[in-house]
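Q: sequence? don't have it. structure:
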(Lines give C-alpha, C1' and ligand atoms only; values in the text may rest on other atoms or scores of the structure.)
Protein backbone atom coordinates (compact mmCIF):
# COMPACT_ATOMS: atom_id res chain seq x y z
CA UNK A 1 0.00 0.00 0.00
CA UNK A 2 1.10 3.56 -0.62
CA UNK A 3 0.18 7.00 0.67
CA UNK A 4 -0.78 10.04 -1.32
CA UNK A 5 1.95 12.31 -2.67
CA UNK A 6 2.63 15.50 -0.72
CA UNK A 7 4.00 18.17 -3.03
CA UNK A 8 6.99 20.46 -2.44
CA UNK A 9 7.90 19.65 1.17
CA UNK A 10 10.55 17.89 3.21
CA UNK A 11 8.17 17.46 6.16
CA UNK A 12 5.12 15.68 4.71
CA UNK A 13 2.00 15.08 6.81
CA UNK A 14 -0.11 12.23 5.45
CA UNK A 15 -2.72 11.51 8.16
CA UNK A 16 -3.59 8.22 6.46
CA UNK A 17 -4.30 4.81 7.94
CA UNK A 18 -3.93 1.29 6.57
CA UNK A 19 -4.97 -2.11 7.90
CA UNK A 20 -3.17 -5.43 7.49
CA UNK A 21 -4.45 -8.89 8.37
CA UNK A 22 -1.91 -11.15 10.07
CA UNK A 23 -1.59 -13.61 12.95
CA UNK A 24 -0.57 -12.72 16.49
CA UNK A 25 1.86 -15.65 16.66
CA UNK A 26 3.87 -14.32 13.72
CA UNK A 27 3.99 -10.55 13.55
CA UNK A 28 6.33 -9.66 10.68
CA UNK A 29 8.30 -6.40 10.82
CA UNK A 30 6.79 -3.49 8.96
CA UNK A 31 8.96 -2.07 6.18
CA UNK A 32 8.58 1.59 5.18
CA UNK A 33 10.05 3.04 2.01
CA UNK A 34 9.95 6.72 1.06
CA UNK A 35 10.22 7.94 -2.53
CA UNK A 36 10.38 11.33 -4.21
CA UNK A 37 7.61 11.41 -6.81
CA UNK A 38 8.60 13.62 -9.74
CA UNK A 39 5.57 12.61 -11.88
CA UNK A 40 8.04 10.84 -14.18
CA UNK A 41 10.11 8.64 -11.90
CA UNK A 42 10.13 7.75 -8.19
CA UNK A 43 13.54 8.48 -6.67
CA UNK A 44 14.48 6.48 -3.58
CA UNK A 45 14.84 8.54 -0.36
CA UNK A 46 15.10 6.05 2.49
CA UNK A 47 13.92 2.84 4.09
CA UNK A 48 13.07 1.92 7.69
CA UNK A 49 11.99 -1.17 9.64
CA UNK A 50 9.41 -1.18 12.45
CA UNK A 51 9.40 -4.21 14.77
CA UNK A 52 5.91 -5.14 15.99
CA UNK A 53 6.67 -8.21 18.11
CA UNK A 54 7.07 -6.33 21.42
CA UNK A 55 3.89 -4.23 21.16
CA UNK A 56 0.91 -4.72 23.47
CA UNK A 57 -2.49 -5.55 22.03
CA UNK A 58 -5.55 -3.27 22.11
CA UNK A 59 -3.42 -0.17 22.55
CA UNK A 60 -2.17 2.55 20.21
CA UNK A 61 1.62 3.03 20.16
CA UNK A 62 3.53 6.05 18.84
CA UNK A 63 6.68 4.71 17.15
CA UNK A 64 9.31 6.95 15.49
CA UNK A 65 10.96 4.96 12.69
CA UNK A 66 14.47 6.05 11.68
CA UNK A 67 15.21 5.79 7.99
CA UNK A 68 18.55 4.35 6.91
CA UNK A 69 21.57 6.63 6.48
CA UNK A 70 19.88 9.47 8.38
CA UNK A 71 17.32 10.06 5.64
CA UNK A 72 14.67 11.16 8.14
CA UNK A 73 12.15 9.94 10.70
CA UNK A 74 8.59 8.69 10.18
CA UNK A 75 6.11 8.85 13.07
CA UNK A 76 3.76 5.86 13.10
CA UNK A 77 0.72 5.08 15.19
CA UNK A 78 0.41 1.30 15.42
CA UNK A 79 -2.51 -0.61 16.94
CA UNK A 80 -2.71 -4.40 17.18
CA UNK A 81 -6.33 -5.47 17.59
CA UNK A 82 -7.62 -9.02 17.99
CA UNK A 83 -10.24 -9.56 15.28
CA UNK A 84 -11.21 -13.20 15.80
CA UNK A 85 -14.67 -13.45 14.29
CA UNK A 86 -16.02 -15.84 16.93
CA UNK A 87 -14.52 -14.15 19.96
CA UNK A 88 -16.88 -13.16 22.73
CA UNK A 89 -15.72 -10.73 25.37
CA UNK A 90 -16.54 -12.82 28.42
CA UNK A 91 -13.55 -14.03 30.44
CA UNK A 92 -11.51 -14.37 27.24
CA UNK A 93 -13.58 -17.37 26.16
CA UNK A 94 -14.69 -18.10 22.64
CA UNK A 95 -18.21 -18.88 21.56
CA UNK A 96 -20.68 -17.96 18.87
CA UNK A 97 -21.76 -14.33 18.65
CA UNK A 98 -24.85 -14.78 16.50
CA UNK A 99 -26.97 -13.20 19.25
CA UNK A 100 -26.31 -9.84 20.88
CA UNK A 101 -25.60 -10.18 24.58
CA UNK A 102 -27.80 -8.47 27.12
CA UNK A 103 -24.78 -7.79 29.30
CA UNK A 104 -21.01 -7.78 28.81
CA UNK A 105 -18.93 -8.12 32.01
CA UNK A 106 -16.95 -5.00 32.82
CA UNK A 107 -13.18 -4.99 32.38
CA UNK A 108 -12.81 -2.16 34.90
CA UNK A 109 -11.67 -3.61 38.22
CA UNK A 110 -12.18 -2.29 41.72
CA UNK A 111 -8.51 -1.31 41.68
CA UNK A 112 -9.16 0.93 38.66
CA UNK A 113 -12.02 2.68 40.43
CA UNK A 114 -9.97 3.05 43.62
CA UNK A 115 -7.05 4.45 41.63
CA UNK A 116 -9.08 7.47 40.53
CA UNK A 117 -10.56 8.52 43.85
CA UNK A 118 -9.41 11.75 45.49
CA UNK A 119 -6.89 10.35 48.00
CA UNK A 120 -5.24 8.03 45.47
CA UNK A 121 -4.94 10.99 43.12
CA UNK A 122 -2.99 12.97 45.73
CA UNK A 123 -0.40 10.19 45.85
CA UNK A 124 0.05 10.19 42.05
CA UNK A 125 -0.48 13.85 41.23
CA UNK A 126 2.76 14.00 39.21
CA UNK A 127 1.27 11.89 36.39
CA UNK A 128 -1.30 14.46 35.29
CA UNK A 129 -1.94 12.70 31.97
CA UNK A 130 -3.43 9.69 33.77
CA UNK A 131 -6.82 11.36 34.13
CA UNK A 132 -9.14 8.38 33.83
CA UNK A 133 -10.27 5.31 31.91
CA UNK A 134 -13.07 4.69 29.45
CA UNK A 135 -14.74 1.35 28.86
CA UNK A 136 -16.81 1.18 25.68
CA UNK A 137 -18.96 -1.86 24.89
CA UNK A 138 -20.11 -2.28 21.29
CA UNK A 139 -22.98 -4.73 21.11
CA UNK A 140 -24.42 -4.55 17.61
CA UNK A 141 -25.65 -2.40 14.73
CA UNK A 142 -28.76 -2.66 12.61
CA UNK A 143 -30.23 -1.58 9.26
CA UNK A 144 -26.87 -0.49 7.83
CA UNK A 145 -26.59 0.67 4.24
CA UNK A 146 -25.47 -1.97 1.74
CA UNK A 147 -22.12 -1.44 0.02
CA UNK A 148 -21.64 -4.75 -1.80
CA UNK A 149 -23.22 -5.89 -5.05
CA UNK A 150 -25.29 -8.56 -3.30
CA UNK A 151 -27.06 -5.98 -1.14
CA UNK A 152 -24.96 -6.75 1.95
CA UNK A 153 -21.91 -5.29 3.68
CA UNK A 154 -18.88 -6.50 5.64
CA UNK A 155 -19.04 -4.02 8.53
CA UNK A 156 -16.51 -3.39 11.27
CA UNK A 157 -16.32 -0.55 13.80
CA UNK A 158 -13.34 1.69 14.62
CA UNK A 159 -13.21 3.25 18.09
CA UNK A 160 -11.18 6.46 18.27
CA UNK A 161 -10.27 8.59 21.28
CA UNK A 162 -7.66 11.31 20.68
CA UNK A 163 -4.79 9.37 19.05
CA UNK A 164 -5.93 5.92 20.23
CA UNK A 165 -7.66 3.77 17.63
CA UNK A 166 -9.07 0.28 18.12
CA UNK A 167 -11.35 -1.83 15.95
CA UNK A 168 -13.75 -4.72 16.14
CA UNK A 169 -13.67 -7.81 14.00
CA UNK A 170 -15.47 -7.84 10.63
CA UNK A 171 -18.90 -9.40 10.31
CA UNK A 172 -19.26 -10.64 6.74
CA UNK A 173 -22.30 -10.32 4.49
CA UNK A 174 -24.74 -8.71 6.91
CA UNK A 175 -26.51 -5.42 7.52
CA UNK A 176 -27.13 -6.26 11.19
CA UNK A 177 -23.69 -7.08 12.61
CA UNK A 178 -23.26 -8.36 16.18
CA UNK A 179 -19.84 -7.70 17.69
CA UNK A 180 -20.23 -8.08 21.48
CA UNK A 181 -16.86 -6.39 21.90
CA UNK A 182 -15.53 -4.17 24.69
CA UNK A 183 -12.44 -1.97 24.96
CA UNK A 184 -10.76 -0.09 27.80
CA UNK A 185 -8.95 3.08 26.74
CA UNK A 186 -6.79 5.49 28.79
CA UNK A 187 -8.11 9.04 29.03
CA UNK A 188 -5.77 12.02 29.14
CA UNK A 189 -8.39 14.75 28.86
CA UNK A 190 -12.00 14.55 30.05
CA UNK A 191 -12.99 17.03 27.34
CA UNK A 192 -12.06 14.62 24.55
CA UNK A 193 -14.65 13.17 22.18
CA UNK A 194 -15.20 9.47 21.53
CA UNK A 195 -15.75 8.57 17.87
CA UNK A 196 -17.32 5.35 16.59
CA UNK A 197 -17.09 4.84 12.83
CA UNK A 198 -18.49 1.88 10.90
CA UNK A 199 -16.85 0.87 7.62
CA UNK A 200 -17.48 -1.78 5.01
CA UNK A 201 -14.36 -3.90 4.59
CA UNK A 202 -13.29 -4.27 0.98
CA UNK A 203 -10.11 -6.14 0.14
CA UNK A 204 -9.96 -4.81 -3.42
CA UNK A 205 -10.16 -1.08 -2.64
CA UNK A 206 -10.49 1.41 0.18
CA UNK A 207 -12.92 0.59 2.98
CA UNK A 208 -16.25 2.33 2.42
CA UNK A 209 -17.78 4.63 5.01
CA UNK A 210 -21.15 3.54 6.46
CA UNK A 211 -21.85 5.77 9.45
CA UNK A 212 -20.43 7.55 12.47
CA UNK A 213 -21.33 8.84 15.93
CA UNK A 214 -19.42 11.12 18.30
CA UNK A 215 -19.87 11.29 22.08
CA UNK A 216 -18.23 13.86 24.40
CA UNK A 217 -16.82 11.99 27.39
CA UNK A 218 -18.60 14.29 29.85
CA UNK A 219 -21.94 13.40 28.19
CA UNK A 220 -21.55 9.70 28.98
CA UNK A 221 -24.01 8.20 31.46
CA UNK A 222 -22.20 5.28 33.08
CA UNK A 223 -23.79 1.89 32.48
CA UNK A 224 -26.50 3.18 30.13
CA UNK A 225 -27.06 0.80 27.23
CA UNK A 226 -28.64 2.60 24.30
CA UNK A 227 -29.06 2.82 20.55
CA UNK A 228 -27.58 5.77 18.66
CA UNK A 229 -28.50 6.85 15.13
CA UNK A 230 -25.60 6.99 12.68
CA UNK A 231 -24.54 10.23 11.00
CA UNK A 232 -22.48 11.25 7.97
CA UNK A 233 -18.73 11.94 8.01
CA UNK A 234 -19.23 15.43 9.44
CA UNK A 235 -21.69 14.09 12.05
CA UNK A 236 -24.38 16.55 10.99
CA UNK A 237 -26.86 14.73 8.75
CA UNK A 238 -28.42 11.33 9.52
CA UNK A 239 -27.58 8.24 7.50
CA UNK A 240 -29.11 4.80 7.47
CA UNK A 241 -28.50 2.59 10.48
CA UNK A 242 -28.00 2.63 14.26
CA UNK A 243 -25.48 1.20 16.73
CA UNK A 244 -26.02 -0.16 20.26
CA UNK A 245 -23.35 0.74 22.81
CA UNK A 246 -22.69 1.07 26.53
CA UNK A 247 -19.97 3.22 28.09
CA UNK A 248 -18.45 3.74 31.53
CA UNK A 249 -16.15 6.68 32.23
CA UNK A 250 -14.21 7.02 35.48
CA UNK A 251 -11.87 9.93 36.17
CA UNK A 252 -10.36 12.11 38.86
CA UNK A 253 -11.57 15.70 39.11
CA UNK A 254 -8.29 17.01 40.51
CA UNK A 255 -6.17 15.93 37.54
CA UNK A 256 -9.00 16.90 35.19
CA UNK A 257 -8.85 20.48 36.46
CA UNK A 258 -5.06 20.60 36.01
CA UNK A 259 -5.30 19.21 32.47
CA UNK A 260 -7.99 21.76 31.61
CA UNK A 261 -5.42 24.54 32.00
CA UNK A 262 -2.81 22.75 29.88
CA UNK A 263 -2.65 22.38 26.08
CA UNK A 264 -4.99 19.88 24.48
CA UNK A 265 -3.58 16.64 23.16
CA UNK A 266 -2.92 16.84 19.45
CA UNK A 267 -4.97 14.52 17.28
CA UNK A 268 -2.91 12.95 14.53
CA UNK A 269 -5.92 11.57 12.67
CA UNK A 270 -7.23 14.66 10.93
CA UNK A 271 -8.05 15.90 7.45
CA UNK A 272 -6.16 18.63 5.69
CA UNK A 273 -8.13 21.88 5.54
CA UNK A 274 -9.40 22.90 2.10
CA UNK A 275 -10.45 26.32 0.92
CA UNK A 276 -14.22 26.62 0.61
CA UNK A 277 -15.89 29.99 -0.15
CA UNK A 278 -19.15 28.81 1.41
CA UNK A 279 -17.27 27.90 4.60
CA UNK A 280 -16.09 31.53 4.85
CA UNK A 281 -19.69 32.70 4.42
CA UNK A 282 -20.77 30.28 7.15
CA UNK A 283 -18.12 31.62 9.55
CA UNK A 284 -19.17 35.22 8.84
CA UNK A 285 -22.81 34.32 9.59
CA UNK A 286 -21.70 32.83 12.89
CA UNK A 287 -19.80 36.01 13.79
CA UNK A 288 -22.80 38.14 12.78
CA UNK A 289 -25.12 36.07 14.98
CA UNK A 290 -22.77 36.41 17.93
CA UNK A 291 -22.45 40.20 17.55
CA UNK A 292 -26.20 40.86 17.44
CA UNK A 293 -26.33 41.44 21.19
CA UNK A 294 -23.33 43.78 21.12
CA UNK A 295 -24.85 45.76 18.25
CA UNK A 296 -28.13 46.11 20.16
CA UNK A 297 -26.27 47.43 23.22
CA UNK A 298 -24.40 49.98 21.07
CA UNK A 299 -27.69 51.10 19.51
CA UNK A 300 -29.24 51.49 22.97
CA UNK A 301 -26.32 53.63 24.15
CA UNK A 302 -26.53 55.80 21.04
CA UNK A 303 -30.30 56.14 21.53
CA UNK A 304 -29.72 57.29 25.12
CA UNK A 305 -27.15 59.88 24.01
CA UNK A 306 -29.65 61.47 21.60
CA UNK A 307 -32.24 62.17 24.36
CA UNK A 308 -35.18 61.19 22.19
CA UNK A 309 -36.68 59.73 25.36
CA UNK A 310 -35.65 62.18 28.14
CA UNK A 311 -36.80 59.96 31.01
CA UNK A 312 -34.88 56.97 29.72
CA UNK A 313 -31.75 59.00 28.98
CA UNK A 314 -31.84 60.65 32.43
CA UNK A 315 -32.27 57.27 34.13
CA UNK A 316 -29.37 55.76 32.18
CA UNK A 317 -27.19 58.77 33.04
CA UNK A 318 -27.91 58.53 36.79
CA UNK A 319 -27.40 54.76 36.91
CA UNK A 320 -24.10 55.10 35.01
CA UNK A 321 -22.81 57.82 37.36
CA UNK A 322 -23.73 55.80 40.45
CA UNK A 323 -22.08 52.65 39.11
CA UNK A 324 -18.86 54.42 38.10
CA UNK A 325 -18.64 56.33 41.40
CA UNK A 326 -19.02 53.14 43.47
CA UNK A 327 -17.21 50.74 41.15
CA UNK A 328 -14.55 48.47 42.62
CA UNK A 329 -12.47 45.97 40.68
CA UNK A 330 -13.84 42.96 42.56
CA UNK A 331 -17.31 43.84 41.25
CA UNK A 332 -16.30 42.75 37.73
CA UNK A 333 -16.10 38.99 38.48
CA UNK A 334 -19.18 39.46 40.68
CA UNK A 335 -21.04 40.77 37.62
CA UNK A 336 -20.00 37.69 35.66
CA UNK A 337 -21.26 35.52 38.51
CA UNK A 338 -24.59 37.35 38.33
CA UNK A 339 -24.84 36.62 34.59
CA UNK A 340 -24.09 32.95 35.21
CA UNK A 341 -26.72 32.76 37.94
CA UNK A 342 -29.25 34.41 35.63
CA UNK A 343 -28.59 31.82 32.92
CA UNK A 344 -28.93 29.00 35.46
CA UNK A 345 -32.40 30.23 36.39
CA UNK A 346 -33.42 30.65 32.75
CA UNK A 347 -32.03 27.23 31.90
CA UNK A 348 -33.86 25.62 34.78
CA UNK A 349 -37.13 27.14 33.67
CA UNK A 350 -36.66 25.79 30.18
CA UNK A 351 -35.48 22.46 31.55
CA UNK A 352 -32.29 23.28 29.76
CA UNK A 353 -30.10 21.12 31.95
CA UNK A 354 -31.97 18.00 30.79
CA UNK A 355 -30.83 18.61 27.23
CA UNK A 356 -27.44 17.67 25.93
CA UNK A 357 -26.61 20.90 24.16
CA UNK A 358 -27.35 24.59 24.00
CA UNK A 359 -29.86 26.22 21.70
CA UNK A 360 -28.33 27.18 18.38
CA UNK A 361 -29.64 29.67 15.86
CA UNK A 362 -31.41 28.12 12.88
CA UNK A 363 -29.32 30.28 10.54
CA UNK A 364 -26.15 28.77 11.94
CA UNK A 365 -27.49 25.23 11.60
CA UNK A 366 -28.61 25.88 8.01
CA UNK A 367 -25.26 27.36 7.02
CA UNK A 368 -23.31 24.47 8.53
CA UNK A 369 -25.53 21.85 6.88
CA UNK A 370 -25.19 23.53 3.47
CA UNK A 371 -21.41 23.60 3.79
CA UNK A 372 -21.42 19.97 4.89
CA UNK A 373 -23.38 18.91 1.80
CA UNK A 374 -20.83 20.54 -0.47
CA UNK A 375 -17.94 18.98 1.46
CA UNK A 376 -19.58 15.56 1.15
CA UNK A 377 -19.88 15.93 -2.62
CA UNK A 378 -16.22 16.89 -2.89
CA UNK A 379 -15.17 14.02 -0.63
CA UNK A 380 -17.27 11.47 -2.52
CA UNK A 381 -15.74 12.54 -5.82
CA UNK A 382 -12.19 12.34 -4.47
CA UNK A 383 -12.36 9.34 -2.14
CA UNK A 384 -11.06 6.82 -4.67
CA UNK A 385 -8.40 9.14 -6.08
CA UNK A 386 -4.88 8.23 -5.07
CA UNK A 387 -3.45 11.69 -5.57
CA UNK A 388 -4.16 15.00 -7.18
CA UNK A 389 -3.75 14.78 -10.93
CA UNK A 390 -3.65 18.53 -11.47
CA UNK A 391 -0.33 20.26 -10.93
CA UNK A 392 -0.74 23.81 -9.57
CA UNK A 393 1.83 26.53 -10.04
CA UNK A 394 3.62 27.98 -7.04
CA UNK A 395 1.67 31.22 -7.32
CA UNK A 396 -1.71 29.51 -7.25
CA UNK A 397 -0.58 27.29 -4.37
CA UNK A 398 0.54 30.34 -2.38
CA UNK A 399 -2.79 32.08 -2.97
CA UNK A 400 -4.67 28.98 -1.89
CA UNK A 401 -2.61 28.64 1.30
CA UNK A 402 -3.26 32.30 2.10
CA UNK A 403 -7.01 31.88 1.60
CA UNK A 404 -7.00 28.78 3.82
CA UNK A 405 -5.16 30.75 6.50
CA UNK A 406 -7.73 33.58 6.30
CA UNK A 407 -10.53 31.03 6.46
CA UNK A 408 -8.93 29.57 9.58
CA UNK A 409 -8.68 32.98 11.26
CA UNK A 410 -12.37 33.72 10.59
CA UNK A 411 -13.35 30.29 11.90
CA UNK A 412 -11.22 30.81 15.03
CA UNK A 413 -12.86 34.20 15.68
CA UNK A 414 -16.37 32.79 15.33
CA UNK A 415 -15.52 29.77 17.48
CA UNK A 416 -14.05 31.94 20.25
CA UNK A 417 -17.18 34.11 20.44
CA UNK A 418 -19.41 31.03 20.48
CA UNK A 419 -17.33 29.37 23.20
CA UNK A 420 -17.67 32.44 25.43
CA UNK A 421 -21.45 32.37 25.01
CA UNK A 422 -21.61 28.61 25.58
CA UNK A 423 -19.59 29.04 28.77
CA UNK A 424 -22.32 31.29 30.19
CA UNK A 425 -25.06 29.07 28.74
CA UNK A 426 -23.75 25.98 30.60
CA UNK A 427 -23.22 24.02 27.38
CA UNK A 428 -20.66 22.02 29.39
CA UNK A 429 -21.81 22.27 33.04
CA UNK A 430 -18.49 20.93 34.37
CA UNK A 431 -16.56 23.82 32.80
CA UNK A 432 -19.13 26.44 33.80
CA UNK A 433 -19.04 25.28 37.42
CA UNK A 434 -15.24 25.38 37.37
CA UNK A 435 -15.45 28.92 35.98
CA UNK A 436 -17.80 29.95 38.81
CA UNK A 437 -15.34 28.63 41.41
CA UNK A 438 -12.50 30.55 39.77
CA UNK A 439 -14.55 33.76 39.67
CA UNK A 440 -15.28 33.45 43.39
CA UNK A 441 -11.56 33.15 44.18
CA UNK A 442 -10.75 36.05 41.82
CA UNK A 443 -13.38 38.29 43.45
CA UNK A 444 -12.05 37.47 46.94
CA UNK A 445 -8.49 38.12 45.79
CA UNK A 446 -9.38 41.48 44.22
CA UNK A 447 -11.25 42.49 47.38
CA UNK A 448 -8.40 41.79 49.81
CA UNK A 449 -5.24 42.12 47.70
CA UNK A 450 -4.22 45.47 46.14
CA UNK A 451 -4.19 45.49 42.36
CA UNK A 452 -0.50 46.44 42.14
CA UNK A 453 0.47 43.26 44.00
CA UNK A 454 -1.55 41.12 41.62
CA UNK A 455 0.06 42.80 38.60
CA UNK A 456 3.53 42.27 40.11
CA UNK A 457 2.75 38.58 40.69
CA UNK A 458 1.64 38.13 37.08
CA UNK A 459 4.74 39.89 35.70
CA UNK A 460 7.13 37.88 37.91
CA UNK A 461 5.42 34.65 36.86
CA UNK A 462 5.73 35.47 33.17
CA UNK A 463 9.45 36.25 33.53
CA UNK A 464 10.23 33.13 35.59
CA UNK A 465 8.01 30.46 34.00
CA UNK A 466 10.75 29.55 31.48
CA UNK A 467 13.46 29.12 34.12
CA UNK A 468 14.53 25.51 34.49
CA UNK A 469 12.67 24.52 31.34
CA UNK A 470 14.28 22.93 28.25
CA UNK A 471 15.15 25.11 25.28
CA UNK A 472 12.28 23.75 23.20
CA UNK A 473 9.75 24.57 25.95
CA UNK A 474 6.68 26.33 24.59
CA UNK A 475 4.80 28.29 27.29
CA UNK A 476 1.06 27.84 27.32
CA UNK A 477 -1.75 30.29 27.95
CA UNK A 478 -4.01 28.88 30.65
CA UNK A 479 -6.99 30.99 29.60
CA UNK A 480 -6.67 29.90 25.96
CA UNK A 481 -6.34 26.25 27.03
CA UNK A 482 -9.48 26.57 29.15
CA UNK A 483 -11.43 28.18 26.30
CA UNK A 484 -10.30 25.47 23.87
CA UNK A 485 -12.21 22.89 25.95
CA UNK A 486 -15.50 24.68 25.31
CA UNK A 487 -17.45 23.58 22.22
CA UNK A 488 -18.33 25.93 19.38
CA UNK A 489 -21.76 25.85 17.72
CA UNK A 490 -20.67 23.50 14.88
CA UNK A 491 -19.26 21.12 17.49
CA UNK A 492 -22.51 21.22 19.47
CA UNK A 493 -24.40 20.34 16.30
CA UNK A 494 -22.13 17.34 15.73
CA UNK A 495 -22.62 16.18 19.32
CA UNK A 496 -26.43 16.14 19.06
CA UNK A 497 -28.12 12.78 19.40
CA UNK A 498 -30.53 12.12 16.56
CA UNK A 499 -33.77 10.22 16.94
CA UNK A 500 -33.16 6.50 16.50
CA UNK A 501 -35.38 5.07 13.73
CA UNK A 502 -37.39 1.95 14.49
CA UNK A 503 -36.01 -1.33 13.07
CA UNK A 504 -36.92 -2.12 9.48
CA UNK A 505 -38.27 -5.51 10.56
CA UNK A 506 -40.78 -3.79 12.86
CA UNK A 507 -41.82 -1.40 10.11
CA UNK A 508 -42.48 -4.27 7.71
CA UNK A 509 -44.68 -6.07 10.26
CA UNK A 510 -46.75 -2.94 10.75
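A: Yes, it's here. Keep in mind the model is a prediction, meaning the values are calculated, not measured. Numbering: from 1, shown residues only.
Q: check contacts around the residue most central in space within the chain.
A: Computing the C-alpha centroid of the chain and ranking residues by CA atoms, centre = their mean puts residue 193 first, at 4.4 Å. Residue 193 is in contact with 161, 214-217, 495, counting by CB atoms under 8 Å, 6 or more residues apart in numbering. For glycine as for every other residue, the C-beta is placed from the backbone atoms N, C-alpha and C.
Q: if you set the cut-off to 7 Å instead, what comes out?
A: 214-216 (CB atoms under 7 Å, 6 or more residues apart in numbering).
Q: take these and keep only those in strands.
A: Using DSSP state E to define strands, the subset of the contacts of residue 193 located there is 214-216.
Q: most neighbours, which of the residues you listed?
A: For the ones in strands among the contacts of residue 193, neighbours were counted using other CB atoms under 10 Å, and residue 215 has the most, 21 neighbours in all.
Q: for that one, which non-adjacent residue is closest in space?
A: residue 194 (4.6 Å; CB to CB, 6 or more residues apart in numbering).
Q: hang on, that neighbour in a strand?
A: Yes: counting by DSSP: H, G, I helix; E, B strand; the rest coil, residue 194 is found in a strand.
Q: doesn't residue 217 make contact with it?
A: Yes: under the criterion of CB atoms under 7 Å, residue 194 makes contact with residue 217 at 6.3 Å.
Q: need the overlap of contacts for those two.
A: With CB under 7 Å, 6+ apart as the test, residue 194 and residue 217 both reach residue 134.
Q: give the bridge partners for residue 208, please.
A: Going by DSSP bridges, residue 208 is paired in beta bridges with residue 200.
Q: could we number from 31 for the rest of this?
A: Renumbered: residue one is now 31, and that last one reads residue 238.
Q: any idea how far residue 47 is from it?
A: When distance is defined by CB to CB, to the nearest Å, residue 238 is 14 Å away from residue 47.
Q: more neighbours, the two?
A: Neighbours were counted for residue 238 and for residue 47 using other CB under 10 Å; residue 238 has more, 18 against 12.
Q: spit out the contact partners of that one.
A: Contacts for residue 238 (CB under 7 Å, 6+ apart) come out as 177, 229-230, 232.
Q: what's in contact with stretch 508-517?
A: In this structure, residues lying in contact with stretch 508-517 by CB under 7 Å, 6+ apart are 221, 290-294, 446, 449, 452-453, 457-458, 461, 525.
Q: if you could redo that for stretch 60-79, that was the one I meant.
A: Stretch 60-79 has contacts (CB under 7 Å, 6+ apart) with 35, 59, 80, 82, 95-99, 101-102, 104.
Q: can you rerun that using 10 Å?
A: Applying CB atoms under 10 Å, 6 or more residues apart in numbering, the contact partners of stretch 60-79 are 32-37, 40, 42, 48, 50, 59, 80-82, 93-104, 106, 108, 417, 419, 421.
Q: which positions in that stretch come out as buried?
A: By 16 or more other CB atoms under 10 Å, the buried positions in stretch 60-79 come out as 60, 64, 76, 78.
Q: which of the residues you listed fall within strands?
A: 60, 64, 76, 78.
Q: ok so, going back, JSON lines for the buried residues of stretch 60-79, including distance to residue 342?
A: JSON lines is the format used below for these (distance: CB to CB, whole Å):
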{"residue": "60", "distance to residue 342": "74"}
{"residue": "64", "distance to residue 342": "71"}
{"residue": "76", "distance to residue 342": "75"}
{"residue": "78", "distance to residue 342": "74"}
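Q: what is the nearest of the residues you listed to residue 431?
A: residue 64 (23.6 Å; CB to CB).
Q: now stretch 90-109: buried residues?
A: 90, 95, 97, 102, 104, 109.
Q: any stretches of the stretch 281-430 of the chain with poor pLDDT?
A: The model of the stretch 281-430 of the chain has pLDDT under 70 over residues 297-305, 381-425, 427.
Q: which residue ranges of it form helices?
A: 283-290, 307-320, 322-335, 340-356, 361-379, 392-412, 424-454 (DSSP state H, counting those that start in this stretch).
Q: as JSON lines, those helices with distance to residue 215 and mean neighbour count would be great.
A: What follows is the helices of the stretch 281-430 of the chain, written out as JSON lines (distance: least, CB to CB, whole Å; neighbours: other CB atoms under 10 Å):
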{"stretch": "helix 283-290", "distance to residue 215": "16", "mean neighbour count": "19"}
{"stretch": "helix 307-320", "distance to residue 215": "32", "mean neighbour count": "18"}
{"stretch": "helix 322-335", "distance to residue 215": "40", "mean neighbour count": "11"}
{"stretch": "helix 340-356", "distance to residue 215": "51", "mean neighbour count": "11"}
{"stretch": "helix 361-379", "distance to residue 215": "32", "mean neighbour count": "14"}
{"stretch": "helix 392-412", "distance to residue 215": "27", "mean neighbour count": "15"}
{"stretch": "helix 424-454", "distance to residue 215": "26", "mean neighbour count": "15"}
